[in-house]
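A.B. asks: next one to model:
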Amino acid sequence: MLKQALKAIPGVQSLRRWDYERRFAGDLLGAFRGVFESFDEARRSAPANKPIGFDVPAHADLLAARRTRIFSYDYPVLFWLRPLLAPRLSIFDLGGHVGVHYYAYRKYLEYPNELQWRVCEMPAVIEAGELLRRTETAPGLSFTTEFRDADGADVMLAAGVVQYVERSLPAQLGELAHPPRHIFLGKLPLHDGPDFVTLQNGGPCFVPCHVFDRKQLLASFAEVGYDLVDSWDDPSLSCRIPFHEERAVRSYSGLYLRR
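C.D. replies: I've put the predicted structure just below:
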């Protein structure tokens, strides 16, 4: 009770906010700050000491180690992806970094002949991915910067990326002539409330981040022909925004959607 009373004192609250702003601008990797209506508003609020967006060389090194193992949020994807494996399967891996899922999943799945696994990423990350591919045996792995290359793919993977893309994924899918039949979305901040945007400390950068209304997001996918097949929780990730406790997402989510 005393602790809560102290927090409510105007001067103490201002000091707490100032201290958090100072720490957020530093090395609080993964921390969130603020509630905004749009990406533009979140970008304008960002501290000036780091670039905005993941297209920086330092980000290319940040997640590369994930190619050597899988995590709890990967298991539902592996379960549903296994029966889809067939010759000439085409996978579009949105935000797949340097090919981390391609490398990690092949320890647990027998990749089919003529597999096409295309990673869609930013130029700085693709450069690192191409360098890695020269030292690894990676048949079927390729890279692109264009979302339109998802047209005609059998499967789309998007783990921990949809919230950082300003344009709605269902809207982009609706523009494809032949959108993927199967979509696996992982590490999604979903909650039972209105959409909003927050700002995240991405380590070497700051990034705007959507938090989605679960029902509204599923309805948007339904409008472009997708039904929900399965969903799962990912308690290893959460979104907690200081001074906006009512907006907390205590557990991220995964979705399997099918046309």
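
A.B. asks: can you give me the helices in the stretch 51-200 of the chain?
C.D. replies: Applying DSSP state H, counting those that start in this stretch to the stretch 51-200 of the chain gives helices spanning 57-62, 75-81, 100-105, 123-133, 169-173.

A.B. asks: buried stuff in the longest one?
C.D. replies: Applying a neighbour-count criterion of 16 or more other Cβ atoms under 10 Å, one finds Ala124, Val125, Ile126, Ala128, Gly129, Leu132, Arg133 buried in helix 123-133. The way it works is simple: take the backbone N, C-alpha and C, and place the C-beta from them, glycine included.

A.B. asks: now these in JSON lines, please, with extra columns for distance to Asp27 and pLDDT.
C.D. replies: Converted to JSON lines, these look like this (distance: Cβ to Cβ, whole Å; pLDDT from 0 to 100):
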{"residue": "Ala124", "distance to Asp27": "20", "pLDDT": "87"}
{"residue": "Val125", "distance to Asp27": "21", "pLDDT": "90"}
{"residue": "Ile126", "distance to Asp27": "26", "pLDDT": "93"}
{"residue": "Ala128", "distance to Asp27": "22", "pLDDT": "89"}
{"residue": "Gly129", "distance to Asp27": "26", "pLDDT": "91"}
{"residue": "Leu132", "distance to Asp27": "26", "pLDDT": "90"}
{"residue": "Arg133", "distance to Asp27": "31", "pLDDT": "91"}
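
A.B. asks: reformat those as a markdown table; add distance to Ser238.
C.D. replies: Shown next, in a markdown table, are those (distance: Cβ to Cβ, whole Å):
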| residue | distance to Ser238 |
| --- | --- |
| Ala124 | 28 |
| Val125 | 25 |
| Ile126 | 30 |
| Ala128 | 28 |
| Gly129 | 29 |
| Leu132 | 30 |
| Arg133 | 33 |
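
A.B. asks: quick check: of the residues you listed, which lies closest to Phe79?
C.D. replies: Gly129 (26.2 Å; Cβ to Cβ).

A.B. asks: thought that closest one was touching Phe143?
C.D. replies: Yes. Gly129 is in contact with Phe143 according to Cβ atoms under 8 Å; the separation is 5.4 Å.

A.B. asks: pull up the overlap in contacts between these two.
C.D. replies: Gly99, Val119, Glu121 (Cβ atoms under 8 Å, 6 or more residues apart in numbering).

A.B. asks: kindly indicate which of the residues you listed lies nearest Leu255.
C.D. replies: Out of the shared contacts of Gly129 and Phe143, the member with the shortest distance to Leu255 (by Cβ to Cβ) is Val119, at 20.1 Å.

A.B. asks: looking at strand pairing, list the partners for that closest one.
C.D. replies: Beta-bridge pairing of Val119 under DSSP bridges involves Asp93, Phe143.

A.B. asks: count of residues packed around it?
C.D. replies: 25 (other Cβ atoms under 10 Å).

A.B. asks: got a list of what it touches?
C.D. replies: Asp93, Gly96, His97, Val98, Gly99, Tyr102, Ile126, Gly129, Leu141, Ser142, Phe143, Thr144.

A.B. asks: residue contacts, the fifth one?
C.D. replies: The contact partners of Gly99, by Cβ under 8 Å, 6+ apart, come to Arg67, Asp93, Trp117, Val119, Gly129, Leu132, Arg133, Ala138, Leu141, Phe143.

A.B. asks: just name the closest of these to Ala31, please.
C.D. replies: Arg67 (25.3 Å).

A.B. asks: give me the number of residues near the closest residue to the closest one other than its chain neighbours?
C.D. replies: Using Cβ to Cβ, 6 or more residues apart in numbering and skipping the chain neighbours, the partner closest in space to Arg67 is Tyr103 (3.7 Å). Counted with other Cβ under 10 Å, the neighbours of Tyr103 add up to 19.
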